[in-house]
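**Student:** Got a predicted structure plus its sequence, pasted below:
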Amino acid sequence: MIITLSESATSSDIEAICKALSAGSYSASEVRTQFGRYLVAIGSSEIDIRSIGSLPGIKDVHRVSDSYKLVSKKWKVSPSTVKLGNGIEIAGGGFTIIAGPCSIESEEQVRSIAAHLKETGVSIMRGGAFKPRTSPYTFRGLGLEGLKMFHAIARDSGMKVISEVVATADIEAMYDYVDIYQVGTRNTQNFNLLHELGRIDKPVMIKRGMSGTLDELLQSAEYVFSNGNEALLLCERGIRTFEKAYRNTLDLNSVPVLKEKSHLPVIVDPSHGIGIRRFVEPMSLAAVMAGADGVIYEVHPAPEDALSDADQTLNFEESSVLVNRARQCAALRDGF
């Protein structure tokens, strides 16, 4: 059960509500976020929610049978919108394009990409400063100084920044230089990291674990929400299967299923999803038609020279084509 508390709810009101819930064999946990106050009530017995809903201090009450409560669509029917400021937002039911390099490599590289994205009307730039790599001998990013440079150039171009955080110790240091924290596939179930991201007031995008189920992804989002941060995005980036013809299996089945289960916006990462440059565009368009609220892909002025993920990174010409066709597909989809 999710109980939305009114703005005027007092500590005495909350105590009375918890007492009534306890009498019905329910335990309650209070959750305070940047947008509201809630009680998450857990129990298995029957309880008359009308009697609970009539108590002072309550705005609304919903039964939620899912193990993930706060991110469930069973209590919040309308899609959520993540607002980034300056009129830039990612809305459930809308369509947003996020693009940029896999790794921040140099000022020249970032300036050229920012100019390209600005020309195509993309307002959110991705870029990795801390890169968790499978091999310890590959490029692992420029770190905080690289992120500062990336942020400054993005701001000059009027764009917002999304970048991956790989450790709890980096959250505070990154705070002034990101608009969205990205949780990568290897950290989807790093619950200490998720817990700490719940304590900040900036959006978080959580990528699906490479071997994770949708329920596990939603539980990861629940960790962040339950600790106080409800500005969340879900990202499908492909899962590891037995198939060897491409990098991952981009599970587009997840898009309509996640949108049925949760009120959070769903983003698709076709670059990591398939890992083959020439197929990034068609998978992006497929994601749009599947109902994705946005796509995030990798672009570089010279992909063959990229220090990471060269095989799945688009050049500027390919990127421009993708942006134009994705927007056309989104307009077609919204016209159905």
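**Tutor:** Perfect, thanks for sending it. Residues are numbered from 1 along each chain as shown.
**Student:** what domains does the record give for this structure?
**Tutor:** 2-62, 81-334 (automatic domain parsing).
**Student:** is it possible to export those to CSV including mean pLDDT, distance to Lys74 and mean neighbour count?
**Tutor:** All C-beta atoms are positioned from the backbone trio N, CA, C, and that covers glycine. Converted to CSV, those look like this (pLDDT from 0 to 100; distance: least, C-beta to C-beta, whole Å; neighbours: other C-beta atoms under 10 Å):
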stretch, mean pLDDT, distance to Lys74, mean neighbour count
domain 2-62, 94, 6, 15
domain 81-334, 96, 9, 19
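**Student:** Next secondary structure element downstream of the particular helix or strand that has Lys259 in it?
**Tutor:** Assigned by DSSP states H and E, Lys259 belongs to helix 254-261. Counting by DSSP H and E, the next helix or strand C-terminal to helix 254-261 is strand 266-268.
**Student:** Quick one: list the elements packing against the helix holding Lys259.
**Tutor:** Packing partners of helix 254-261 (3 or more C-beta pairs under 8 Å, 6 or more residues apart in numbering; DSSP states H and E): helix 214-226, strand 232-236, strand 266-268, helix 277-290.
**Student:** got a list of what the closest residue to Gly57 other than its chain neighbours touches?
**Tutor:** Excluding its sequence neighbours, the residue lying closest to Gly57 (C-beta to C-beta, 6 or more residues apart in numbering) is Asp13, at 2.9 Å. Going by C-beta atoms under 8 Å, 6 or more residues apart in numbering, Asp13 touches 5, 55-58.
**Student:** Would you format the helices and strands packed on helix 254-261 as CSV with distance to Glu30 included?
**Tutor:** Formatted as CSV, the helices and strands packed on helix 254-261 follow (distance: least, C-beta to C-beta, whole Å):
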stretch, distance to Glu30
helix 214-226, 10
strand 232-236, 19
strand 266-268, 28
helix 277-290, 37
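**Student:** separation between the residue lying closest to Arg37 once chain neighbours are set aside and Ser254?
**Tutor:** Excluding the flanking residues, the one nearest Arg37 by C-beta to C-beta, 6+ apart is Leu5, at 4.2 Å. As judged by C-beta to C-beta, to the nearest Å, Leu5 and Ser254 stand 32 Å apart.
**Student:** go on, Ala302?
**Tutor:** Distance from Ala302 to Ser254, by C-beta to C-beta: 33 Å.
**Student:** And for His300?
**Tutor:** Taking C-beta to C-beta, one finds His300 at 27 Å from Ser254.
**Student:** tell me the angle of the lengthiest helix in the chain relative to helix 277-290?
**Tutor:** Longest helix of the chain, by residue count under DSSP state H: helix 316-334. Relative orientation of helix 316-334 versus helix 277-290 (axes from the mean of the first three to the mean of the last three C-alpha atoms, to 10 degrees): 20 degrees.
**Student:** If you count contacts, what does helix 316-334 end up packed against?
**Tutor:** Using 3+ C-beta pairs under 8 Å, 6+ apart: helix 316-334 touches strand 96-100, helix 107-120, helix 277-290, strand 294-298.
**Student:** Helices of the stretch 101-250 of the chain, residue ranges please.
**Tutor:** 107-120, 143-156, 168-174, 191-197, 214-226 (DSSP state H, counting those that start in this stretch).
**Student:** May I have the third one as CSV, with CA atoms only?
**Tutor:** Right, the one you point to is helix 168-174. Written as CSV, here are the backbone C-alpha positions of helix 168-174 (Å, rounded to 0.1, in the frame of the first residue of the first chain):
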residue,chain,number,x,y,z
THR,A,168,29.8,6.2,-3.8
ALA,A,169,32.9,8.2,-3.1
ASP,A,170,32.5,10.0,-6.5
ILE,A,171,28.9,11.1,-6.0
GLU,A,172,29.7,14.3,-4.2
ALA,A,173,32.7,15.2,-6.3
MET,A,174,30.6,14.8,-9.5
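**Student:** got a list of contacts for it?
**Tutor:** By C-beta under 8 Å, 6+ apart, helix 168-174 touches 129-130, 144, 147, 163, 165, 181, 192-193, 196-197, 200.
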